[in-house]
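Asker: Got a sequence here, can you build the structure:
(2 chains)
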Amino acid sequence: MNRRIAISFLCGLLLAGNCFAVDDRAIIVGSKNFTEGIVLGELIRAIAASTGAAVVHRQALGGTRLVFNALVSGEIDIYAEYTGTLTHEIFAQNNPASNAALRELLAESGLVMSEPLGFRDNFALGMREPIAERLKIRRISDLRAHPELVFRFGTEFTERGDGWPGLRLHYGLPQQDVLGVEHDLAYRGLAAGDVDLTDLYTTDAEIAYYSLRTLEDDLGYFPPYEAILLYRAELAQERPDVFAAILSMQGLIDEEQMIAMNSRVKLDGMQEALVAADFLNENLGIEVVAKSSSRIERFWRYTQQHIALVAISLFAAILIAVPLGIAAARWRRLGHIILGVVGIAQTIPALALLVFMIPLFGIGAGPAVIALFIYSLLPIVRNTYTGLTTIPTQLLESAEALGLPAGARLRLVEAPLAAVSILGGIKTAAVINIGAATLGALIGAGGYGQPILAGIRLDDVGLILEGAVPAAGLAIVVQLLFEWTERAIVPRGLRVSTRS
Amino acid sequence: MLELNQVSKNYSDVCALERCDLSIASGQTTVLIGPSGCGKSTILRLIIGLQMPDEGSIRFGGQPLEPARLPDLRQRMGYVIQDGGLFPHLSARDNAALMARHLGWSDERITTRINELAELTHFPTDALDRYPLQLSGGQKQRVSLIRALMLDPEVLLLDEPLGALDPMIRRDLQADLREIFTSLGKTVLMVTHDLGEAAFFGDTIVLLRDGRIVQQGAMKQLLREPADNFVRRFIQAQRSPLEAMETLR
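Answerer: Model prediction:
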């Protein structure tokens, strides 16, 4: 009876997976994982929604490459990008000389670039005012005289062709202590005095907040980064009304307004959706009912997403891993191969595994579920194998000597005797899974990782806790649930220890 | 009933049984005896099919023992090992009923049969719902015997069934066992290393050494006409020390 309850509980969890489902005809807006990108994404979403279209905003999907590829493959329909990024990062090899050349390249992938939105968000280098003053650094070329300075750049800037590698060559910079970190953490390092210099976006709210000096690009290295919208050509043809509305963003936002919006999110802690709604009310007169979600609503959404990620991947892992464990125990040579393969899968760091899934399965909950599934296999396979192979020989032989065929022996004798071990493996997998699922937010899978990532981005401990505390809580609840299941599933005879 | 014809069995390099011929008479109790490692347990394991002979053949009721027919043949044999081999996750009753239930016996038939056997083996019916961990050593062996007898097999194979019990309990169970064997009239093949026990049970004694049968016959025959020096020494070694003291006086 209890078993039946446990099964229906799992089925319920699977149904919760529906919250990932997206209406077929909905327009899907994407955004890169930094504040400005998300604010622009919210603006697109709100304008499109005001025409009555169904719109979904998949926030903070990841870095430039990931989001651009998602657009090319049609997983998203539109996102905000910068001309400089397209010229120097995405199409660096083609080196388009003009916007017209760039448009041609985009057209080959079925993409269209809007007219500029009105502001530039250039790369720049920044130092804290007092240090820059003391070392008399005003221009980037002044840095050549100070090789001891500590540079910390956003991860993308460190890697991108138009970032640090090109800058170093262009100016002949001698600094050695240069590392990539999460961009928002670089700011905090700067404030704490651990870092001397970082890359900035010129619309960053922090420039004023931390009183940073922006160094003059005296040798003209950084290209202009005009904000534009990038979208799929077919969508513009299918939904001309919606696109006419979205394109009203062209020329709408000046640099000051963008800085102000970034600042309201990053420094005042407002939600991006609210900031976007305010801006549209003021500037386009669009009456946007901002969906300010309460903490409880968010909690429920994240909880549903997180449980669905864990439950689906774990359930699938149980279905595959238990038979694999049984096969490994029965045919030892095959067992070595099975245990070896799932063992190797386990050594791939969860983050890397998630990223490997993107080219195969795209972004979102799907690849995250598959990565978590792979991650859950080892504990279950290994414990099933161990549980079955440690059954005393005389019990296996007694079952055989009774005349029970192999299938009945497995069902009536071996499986019940291995139940404690198998269940232990599933419990371990579940707890690992709950933790690893928070990384799913990196590829747009939602769940408790989303507030954690947003909290890191916004330097908001409250937000981080909004994800971290429920994740820990869920792990405890699942642990308790398993202890309860154990009582239902593990035979009573294995739990009695004293003679009565 | 059971016939071994030129049966050999090797474990890696060690020879457990070498070209062994043995014929077990129907309705009698045959005891296999000998020092550790002489191959006596191997004979039981070959008959129940837990192992296959390397050479030679085994016949059960005139038919050769083949892997494909083992599940059926095993239902005609009952097997009891030293510590009972009871499944710890099942109660005494469920241990006994396991195979019958698998064969689709009705609950009523199972209950009747278990009660009948509990009475026969002097196992208290109110203890039937206990788990093996809650039973004493003697009780476990009685349950194991009930399980072995459940399908009313033609042959009982007992591998040192009393080996792990303390002397008092062992004595009680010995008496009960002999009574059961006599009343059921089954073919019994028992392994022991205890000469007294062999004498107590055995219509025929088979003495083995290093995988070969050294002598077989009634106990009296072994005592009176030992086949060789080994038999003489084996018997001598197991004479009760108390008896030896009697003679000295």
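
Asker: Could you tell me how far stretch B:205-222 lies from the centre of the chain?
Answerer: Between the centre of stretch B:205-222 and the centre of its chain there are 16 Å (Cα atoms, centre = their mean, to the nearest Å).

Asker: For that stretch, give the mean pLDDT please.
Answerer: Stretch B:205-222 comes out with an average pLDDT of 89.

Asker: now what about it, what contacts it?
Answerer: Stretch B:205-222 is contacted by residues B:9, B:15-22, B:30-35, B:37-40, B:42, B:198-199, B:202-204, B:226-228, B:230-231, B:234-235 when judged by Cβ atoms under 8 Å, 6 or more residues apart in numbering or on different chains. Yep, even glycine has a C-beta here, placed from its N, CA and C like the rest.

Asker: any idea where the helices of the stretch 51-200 of chain A begin and end?
Answerer: For the stretch 51-200 of chain A, the helices defined by DSSP state H, counting those that start in this stretch cover A:64-72, A:83-85, A:99-108, A:129-135, A:155-159, A:164-171, A:183-192.

Asker: Output the contacting helices and strands for the fourth one.
Answerer: Translated: helix A:129-135. Counting contacts by 3 or more Cβ pairs under 8 Å, 6 or more residues apart in numbering or on different chains; DSSP states H and E, helix A:129-135 packs against strand A:212-214.

Asker: Contacts for the strand it packs on next, please.
Answerer: With Cβ under 8 Å, 6+ apart as the criterion, strand A:212-214 contacts A:124-129, A:132-133, A:137-138, A:190, A:200, A:202, A:206-207.

Asker: how does it look with 10 Å?
Answerer: A:122, A:124-133, A:137-138, A:187, A:190-191, A:197-198, A:200, A:202, A:204, A:206-207 (Cβ atoms under 10 Å, 6 or more residues apart in numbering or on different chains).

Asker: Select only the buried ones of those residues in ChimeraX?
Answerer: Once 16 or more other Cβ atoms under 10 Å in any protein chain shown is used to decide burial, the buried members of those can be selected in ChimeraX as follows:
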select /A:122,124,125,126,127,128,131,132,137,187,190,197,198,200,202,204,206,207
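
Asker: Sketch out the low-pLDDT regions of chain B for me.
Answerer: B:13, B:240-249 (pLDDT under 70).

Asker: same deal with the stretch 401-500 of chain A?
Answerer: Answering for the stretch 401-500 of chain A: the residues below the bar, that is pLDDT under 70, span A:496-500.

Asker: Which positions in it make contact with chain B?
Answerer: A:401-406, A:408-409, A:411-417, A:419-420, A:490-500 (Cβ under 10 Å from any Cβ of the partner chain).

Asker: Now, of these, which are buried?
Answerer: So, of these, A:401-404, A:408-409, A:412-417, A:419-420, A:490-491, A:493-494 end up buried under the neighbour-count rule (16+ other Cβ under 10 Å).

Asker: sorry, back to before: tabulate the helices of the stretch 51-200 of chain A (a markdown table), appending distance to residue A:341 and mean pLDDT.
Answerer: As requested, those are exported to a markdown table (distance: least, Cβ to Cβ, whole Å; pLDDT from 0 to 100):
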| stretch | distance to residue A:341 | mean pLDDT |
| --- | --- | --- |
| helix A:64-72 | 28 | 88 |
| helix A:83-85 | 40 | 89 |
| helix A:99-108 | 40 | 91 |
| helix A:129-135 | 53 | 91 |
| helix A:155-159 | 32 | 82 |
| helix A:164-171 | 38 | 90 |
| helix A:183-192 | 37 | 83 |
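
Asker: Residue A:286: which of those helices is closest?
Answerer: helix A:64-72 (24.9 Å; Cβ to Cβ).

Asker: quick one: buried residues of the closest one?
Answerer: Neighbour-count burial for helix A:64-72 [16+ other Cβ under 10 Å]: A:64, A:66, A:67, A:68, A:69, A:70, A:71.

Asker: I'd assumed residue A:80 was in contact with the first one.
Answerer: Just to be clear, that refers to residue A:64. No. Here residue A:64 lies out of contact with residue A:80, judged by Cβ atoms under 10 Å, at a distance of 11.4 Å.

Asker: who touches both of the two?
Answerer: A:32, A:37.

Asker: where does residue B:85 land in three-state SS?
Answerer: coil (DSSP: H, G, I helix; E, B strand; the rest coil).

Asker: and it, how many neighbours does it have?
Answerer: 25 (other Cβ atoms under 10 Å in any protein chain shown).

Asker: distance of it from residue A:343?
Answerer: 34 Å (Cβ to Cβ, to the nearest Å).

Asker: Same question for residue B:83.
Answerer: Taking Cβ to Cβ, one finds residue B:83 at 36 Å from residue A:343.

Asker: between these two, which one's more packed in?
Answerer: residue B:83 (17 against 13).

Asker: which one is that one nearest to, not counting chain neighbours?
Answerer: residue B:164 (5.4 Å; Cβ to Cβ, 6 or more residues apart in numbering or on different chains).

Asker: Would you confirm that the one you found contacts residue B:141?
Answerer: Yes. Counting by Cβ under 10 Å, residue B:164 does reach residue B:141; the two are 8.3 Å apart.

Asker: what's the overlap in contacts for the two?
Answerer: Common neighbours of residue B:164 and residue B:141 (Cβ under 10 Å, 6+ apart) are B:81, B:82, B:83, B:84, B:170.

Asker: re the thing from before, so between residue B:164 and residue B:141, which is more surrounded?
Answerer: More crowded of residue B:164 and residue B:141, by other Cβ under 10 Å: residue B:141, with 30 against 16.

Asker: Next, count neighbours for the closest residue to residue A:96 other than its chain neighbours.
Answerer: Of all residues not flanking residue A:96 in the chain, residue A:102 sits nearest, at 4.4 Å (Cβ to Cβ, 6+ apart). Counted by other Cβ under 10 Å, the residues lying close to residue A:102 total 19.

Asker: name the element the residue nearest in space to the middle of chain B belongs to?
Answerer: The residue lying closest to the centre of chain B (Cα atoms, centre = their mean) is residue B:158, at 1.4 Å. Under the criterion of DSSP states H and E, residue B:158 resides in strand B:155-159.

Asker: Past that strand, which element shows up next along the chain?
Answerer: Next element after strand B:155-159 (DSSP H and E): helix B:167-184.

Asker: hang on, the earlier thing: go through the contacts of stretch B:205-222 and flag which are in strands.
Answerer: Among the contacts of stretch B:205-222, the members falling in strands (DSSP state E) are B:9, B:15-22, B:30-33, B:204.

Asker: Any chance of JSON lines for those residues, columns neighbour count and distance to chain A?
Answerer: What follows is these, written out as JSON lines (neighbours: other Cβ atoms under 10 Å in any protein chain shown; distance: Cβ to the nearest Cβ, whole Å):
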{"residue": "B:9", "neighbour count": "22", "distance to chain A": "16"}
{"residue": "B:15", "neighbour count": "15", "distance to chain A": "22"}
{"residue": "B:16", "neighbour count": "22", "distance to chain A": "16"}
{"residue": "B:17", "neighbour count": "29", "distance to chain A": "18"}
{"residue": "B:18", "neighbour count": "17", "distance to chain A": "23"}
{"residue": "B:19", "neighbour count": "15", "distance to chain A": "25"}
{"residue": "B:20", "neighbour count": "24", "distance to chain A": "21"}
{"residue": "B:21", "neighbour count": "11", "distance to chain A": "24"}
{"residue": "B:22", "neighbour count": "20", "distance to chain A": "20"}
{"residue": "B:30", "neighbour count": "22", "distance to chain A": "19"}
{"residue": "B:31", "neighbour count": "26", "distance to chain A": "20"}
{"residue": "B:32", "neighbour count": "29", "distance to chain A": "17"}
{"residue": "B:33", "neighbour count": "24", "distance to chain A": "22"}
{"residue": "B:204", "neighbour count": "19", "distance to chain A": "23"}
